[in-house]
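Asks: Here's my sequence, what's the structure:
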Amino acid sequence: MKTSTDRMLTRIKSIYLYIKQRGTVTTNELVEEFGITQRTIQRDLNVLEYNNLVESPTRGKWSATKKKTQVS
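Replies: Below is the predicted model of the structure:
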């Protein structure tokens, strides 16, 4: 069984890849796509934003930054 940290990191990675693929997405789109609460999505987005992987040019809308990443 995966630890809660492993599940969280897997979810954050999935959210990042989803945003990167789609371009710009709303917080509500992420809630619907991943089936988790808006608060959980916001916490995950905060982690991604802290690491300069996503940005919110407009309130409630998110896009990937141009930071180079290597996803494994």
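
Asks: how about the helices of this structure, start to end?
Replies: 4-22, 27-34, 38-50 (DSSP state H).

Asks: OK, contacts around the residue nearest the centre of the chain?
Replies: Taking CA atoms, centre = their mean, the centroid of the chain lies closest to I15, which sits 3.6 Å from it. Applying CB atoms under 8 Å, 6 or more residues apart in numbering to I15 gives the contacts L30, F34, I41, D44, L45, L48. (C-beta placed from N, C-alpha, C; glycine too.)

Asks: same thing but at 7 Å, please
Replies: L30, F34, D44, L48 (CB atoms under 7 Å, 6 or more residues apart in numbering).

Asks: Let's see the pLDDT reported for the closest residue to the first one other than its chain neighbours.
Replies: Distance criterion CB to CB, 6 or more residues apart in numbering; nearest residue to L30, sequence neighbours excluded, is I41 at 4.8 Å. Model confidence at I41, given as pLDDT, is 97.

Asks: check contacts around I41.
Replies: T27, L30, V31, F34.

Asks: Just the buried ones from the contacts of I15?
Replies: In the contacts of I15, burial by neighbour count holds for L30, D44, L48, counting by 16 or more other CB atoms under 10 Å.

Asks: will you turn those residues into TSV that also has pLDDT and distance to K2?
Replies: Output for the buried ones among the contacts of I15, formatted as TSV (pLDDT from 0 to 100; distance: CB to CB, whole Å):
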residue	pLDDT	distance to K2
L30	97	21
D44	97	16
L48	97	20
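
Asks: Include distance to S63 when you put those into JSON lines, please.
Replies: Formatted as JSON lines, the buried ones among the contacts of I15 follow (distance: CB to CB, whole Å):
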{"residue": "L30", "distance to S63": "12"}
{"residue": "D44", "distance to S63": "15"}
{"residue": "L48", "distance to S63": "11"}
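
Asks: re earlier: distance to Q70 added to the helices of the chain, as CSV?
Replies: Output for the helices of the chain, formatted as CSV (distance: least, CB to CB, whole Å):
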stretch, distance to Q70
helix 4-22, 12
helix 27-34, 23
helix 38-50, 16
